[in-house]
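> Just need the structure, nothing else, for what follows:
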Amino acid sequence: MGVQQPSISTAEERFSFGENWQRFLLRLDEAAILRAEASLRSLLGRDRLDRLTFLDIGSGSGLLSLAAWRLGAHVRSFDYDLRSVACTASLKARYAPADAEWSVERGSILDRGYVTKLGRFDLVYSWGVLHHTGEMWRAIEMACSCVAADGVLALAIYNDQGRRSRYWARVKRLYNCLPERLRFLVLWPTALRLWGPTVLRDTARGDPLRSWRSYGAERGMSPWRDVVDWVGGWPFEVATPEAVFDFCRERGFILERLRTCGGGLGCNEFVFRRAAVGASGDKIPPAALPHGECEASDSTASVASTMLSTEN
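Okay, the predicted model is just below:
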């Protein structure tokens with residue numbers, strides 16, 4: 001059901017995405033925030049999220065948490081990576097310093113005790129995160145447990161390309177096992193493979209770096225940092241759209257939207273709605289707290305913000 005890999009036993013085997021997010025935030029502007037809001041509205045089919053509870057699993061830069069908060073949601077953000085927690089905390093400090101309707105903390109979706117205390121939410125969002133946990137199916141199941149009755153689960157999961165996915169798993173594992181000074185031996189050939197055809201096509205049109213420049217302007221992160229993000233992204237698991245659909249359906253979810261990557265490299269995007277209370281397949285009991293209860297985590301956010309300021 002996915003790329004097989006050994007269990008994660010040391011910190012060195014897990015890629016830290018936070019460094020990239022720190023660079024991303026240095027270039028964040030209002031246009032990027034508005035694009036994030038638009039993407040969230042389009043994904044969820046809502047113009048506003050007023051009074052809805054929103055859980056951002058693996059908040060990364062914090063941009064989508066910010067977008068949800070600006071659209072009126074009560075937001076709870078968490079990430080396992082400390083630098084990512086620092087990024088989200090810094091974004092909250094910049095735009096919503098005294099707002100109790102948005103909390104930021106460190107946590108793991110694989111920690112059942114932690115997840116149980118989160119409660120249930122109207123909207124649970126995890127974009128390109130759960131396939132990096134080392135236990136993707138368990139992570140998806142735990143995410144399902146956070147969704148309230150008639151709530152929405154939005155996921156993006158790497159597409160299973162068979163042999164190609166196994167190839168990328170080897171590349172990513174090799175990159176993370178190498179000493180930092182030797183990682184260019186994997187990084188440069190991968191950048192050439194990913195971007196070479198595009199640069200050649202743009203060269204034939206008279207502007208070799210056209211796509212490279214426009215990519216950075218649209219994404220807010222340079223294409224080179226995205227290459228590092230892709231190559232370094234370990235743990236790494238994949239799934240077919242059918243596998244994700246079946247897994248969530250067995251747990252009482254109904255598929256509302258699906259956007260695939262056409263069988264290629266990238267993520268398949270899913271929007272599920274949880275069936276009414278009592279639907280079959282709900283294998284995880286309700287959490288102890290009322291759904292969507294957001295407790296402030298000022299101490300964690302403060303430590304993370306300090307960490308971010310000292311590293312920049």
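
> can we go C-alpha only for contacts and neighbour counts from here?
Will do.

> In contact with the closest residue to Gly72 other than its chain neighbours, which residues?
What sits nearest to Gly72 in space, not counting adjacent residues and going by CA to CA, 6 or more residues apart in numbering, is Asp50, at 4.1 Å. If a contact means CA atoms under 8 Å, 6 or more residues apart in numbering, then Asp50 has Leu71, Gly72, Ala73, His74 as its contacts.

> Can you show me the strands along the chain?
53-57, 74-79, 102-106, 121-127, 147-158, 253-259, 267-274 (DSSP state E).

> centre of the chain versus the longest one, how much separation?
I take that to be strand 147-158. 13 Å (CA atoms, centre = their mean, to the nearest Å).

> what do you get for stretch 57-75?
Averaging C-alpha positions (CA atoms, centre = their mean) puts stretch 57-75 12 Å from its chain's average.

> Please export the C-alpha coordinates of that stretch as CSV.
These are the backbone C-alpha positions of stretch 57-75, laid out as CSV (Å, rounded to 0.1, in the frame of the first residue of the first chain):
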residue,chain,number,x,y,z
ILE,A,57,-1.8,19.1,10.9
GLY,A,58,1.8,19.8,10.0
SER,A,59,1.4,23.5,9.7
GLY,A,60,4.9,24.1,8.1
SER,A,61,5.2,27.8,7.3
GLY,A,62,1.8,28.6,8.9
LEU,A,63,0.5,30.2,5.8
LEU,A,64,-2.6,28.1,5.5
SER,A,65,-3.3,28.5,9.2
LEU,A,66,-3.1,32.2,8.6
ALA,A,67,-5.4,32.0,5.6
ALA,A,68,-8.0,30.0,7.6
TRP,A,69,-7.8,32.5,10.5
ARG,A,70,-8.3,35.4,8.2
LEU,A,71,-11.3,33.7,6.8
GLY,A,72,-12.8,33.5,10.2
ALA,A,73,-11.9,30.1,11.5
HIS,A,74,-10.8,29.2,15.1
VAL,A,75,-7.4,27.6,14.3
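
> top helix in this structure by residue count?
Taking DSSP state H as the criterion, the chain has its longest helix at helix 184-204.

> what about the closest residue to Arg273 other than its chain neighbours, how many neighbours?
Using CA to CA, 6+ apart and skipping the chain neighbours, the partner closest in space to Arg273 is Val152 (4.5 Å). As a burial measure, Val152 scores 26 neighbours (other CA atoms under 10 Å).

> Residue most distant from the centroid, this structure?
Largest separation from the mean C-alpha position in the chain: Gly206, at 36.0 Å (CA atoms, centre = their mean).

> Look up how far Trp212 lies from that residue.
14 Å (CA to CA, to the nearest Å).

> Same question for Phe15.
Separation of Phe15 from Trp212 (CA to CA): 24 Å.

> Using TSV, lay out the strands of the chain together with distance to Ala191 and mean pLDDT.
Listed next are these as TSV, based on distance: least, CA to CA, whole Å; pLDDT from 0 to 100:
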stretch	distance to Ala191	mean pLDDT
strand 53-57	29	98
strand 74-79	28	98
strand 102-106	32	97
strand 121-127	23	97
strand 147-158	19	97
strand 253-259	26	96
strand 267-274	19	96
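
> So which of the ones you listed is nearest Pro235?
strand 147-158 (11.9 Å; CA to CA).

> For that closest one, name the packing helices and strands.
Helices and strands touching strand 147-158, by 3 or more CA pairs under 8 Å, 6 or more residues apart in numbering; DSSP states H and E, are strand 121-127, strand 267-274.

> Can you tell me which of those strands is nearest to Leu55?
Ranking the helices and strands packed on strand 147-158 by distance to Leu55, with CA to CA as the measure, places strand 121-127 first at 4.8 Å.
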